[in-house]
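J.: Just the structure for this:
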Amino acid sequence: MTAKQFTADISGPDQSVELEVSVPDVESDLSDYEFHQQVDMAWQVCDRFDLQTDIWRGRILRAVRDREKRGGASRQKRGGANHEKQGETENKAAAAHNGAGHVTSADSSGEAKGTGFLNWLKDRDMSKSRAYVLIDLANSADQMLEEGLIETKDVNRFSKRAFMETAQASPEVQQIVSDAARRGEQITRKEVKTLSDDWIAMHSDLIPESVRQKTADRTIPTRYITPLVKEMEKLPPAHQQTLKNEVDENPDVATLKQVTAEAKYLSRYIEAASQVQTLDAEHINLELALDEALRVGCLNSAADLVNQATQLEQAAVKLYTAWMRINKLADRVYVDSGESTPHLRALLNALGPLCSDLIEVHLGDPEAATSRRIRLKMLLEGDDGQAPTSEPVDGAQMNQAMAMPIEVIHEEL
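T.: Below is the predicted model of the structure:
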């Protein structure tokens, strides 16, 4: 069963476009096997039609995006020429108008790059991430067509997920899959994934020869090899060699699972450690600390520790910026209110514990026996400890907030 080939012009008054798919009647006398066989065939038709429409959507999105880039560059060039002919007064007026959130012809260089494309997506209720998934799909399809790996008619041989899996596979796997598609075989995601796993198991330099031999004789399934390779690729060469030697000493499934987990924790540790500002590389040797964690068997805990440190620093920055913002807003509301707004003043008074330099919150239900009151004291360097009334902080101030001492006091009620 295949989808009908049709071409429709929906620009005219007759905009009827139909895709006919044969779905078996639930009351038919078909056996369960025949019924599900027809259902699977109908599903494959929809799946392959969905793939083709997604490829074309990706091409459309790519054209809209590239057109916006080209148009934006042209407008910027014209705007630059006009800008040279305008006086200082006009420039100041244009800058003020732009500051209000509008784009003017006097200074078109202030246009946000790609705004037109984002608006186009917004009008069609499509997210930017979804749009770029479709664009990547179209790019992969066009690349495979240009390289002669497949022909247009071969796309019908793929399920949607199989095609996306093929697009992300190595060139060698793409060649094997495309040869099968040209022979008329139906390509499923499971087949592509199996081929990709087999290729990685037999050709990756990160896999020792002892494991390759056991993979070749099917002693070790290839599905355990691919996750290990993907995690090891994230690590520095020294750690890759250490894990490779460990696998070579005990080439079995249990070791592969253990080393895969270790590689995952290693990558998390290395990534998180580079983001923790508290860890001074001049005083702490992260590599030696990592080796010691491996030796005593607490790599997982060490990785989680560093990861939590990253989150804590980020939370401190967010706390600082929110505290600055709430104080500014409280000052603004206080100025705008007065005796005629007693309830508004009551609101400000109730929020007082969050606006002062000693923040108080309850952890859990205040009436519960297990409730705790947490107090955080904001001690800004060079300040007198009073709540700030300055403008919102910029990026530099956010970075400096990492050095802000915060005294945390737990009080059990």
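J.: Just confirm residue 71 is within a strand.
T.: No. Residue 71 is assigned helix when assessed by DSSP: H, G, I helix; E, B strand; the rest coil, not a strand.
J.: Leaving out chain neighbours, which residue sits closest to it?
T.: residue 116 (7.3 Å; C-beta to C-beta, 6 or more residues apart in numbering). C-beta coordinates here come from the backbone N, C-alpha and C atoms, glycine included.
J.: and the host helix or strand of that neighbour, how far out from the chain's middle?
T.: Residue 116 is part of helix 115-123, with elements assigned from DSSP states H and E. Helix 115-123 sits 20 Å away from the centroid of its parent chain (C-alpha atoms, centre = their mean, to the nearest Å).
J.: which residues of the stretch 151-300 of the chain fall in strands?
T.: Shown for the stretch 151-300 of the chain, no strands are assigned by DSSP state E, counting those that start in this stretch.
J.: quick one: pLDDT of the closest residue to residue 56 other than its chain neighbours?
T.: Nearest non-adjacent residue to residue 56, counting by C-beta to C-beta, 6+ apart: residue 138, 7.6 Å away. You'll see residue 138 listed with a pLDDT of 89.
J.: Pull the contacting residues for residue 138.
T.: 55, 56, 57, 58, 59, 61, 62 (C-beta atoms under 8 Å, 6 or more residues apart in numbering).
J.: mind checking the SS state of residue 27?
T.: coil.
J.: again but with residue 52, I slipped
T.: Under three-state DSSP, residue 52 comes out as helix.
J.: Neighbours of it, how many?
T.: A count of nearby residues for residue 52, using other C-beta atoms under 10 Å, gives 17.
J.: Give me the neighbour count for the closest residue to it other than its chain neighbours.
T.: Leaving aside its chain neighbours, residue 52 sits nearest to residue 155 (6.2 Å; criterion: C-beta to C-beta, 6+ apart). Residues lying near residue 155 (other C-beta under 10 Å) number 18.
J.: coming back round to it: where does the residue nearest to residue 56 sit, in terms of helix or strand?
T.: Applying DSSP H and E, one finds residue 138 within helix 128-146.
J.: circling back to that earlier point, now do the residue nearest to residue 71 against residue 372, distance only.
T.: Using C-beta to C-beta, to the nearest Å, residue 116 is found at 52 Å from residue 372.
J.: okay, the two: which has more neighbours?
T.: Of the pair residue 116 and residue 372, residue 116 is the one with more neighbours under other C-beta under 10 Å, namely 17 against 14.
J.: isn't the more buried one right up against residue 68?
T.: Yes. With contact defined as C-beta atoms under 8 Å, residue 116 and residue 68 form a contacting pair (4.4 Å).
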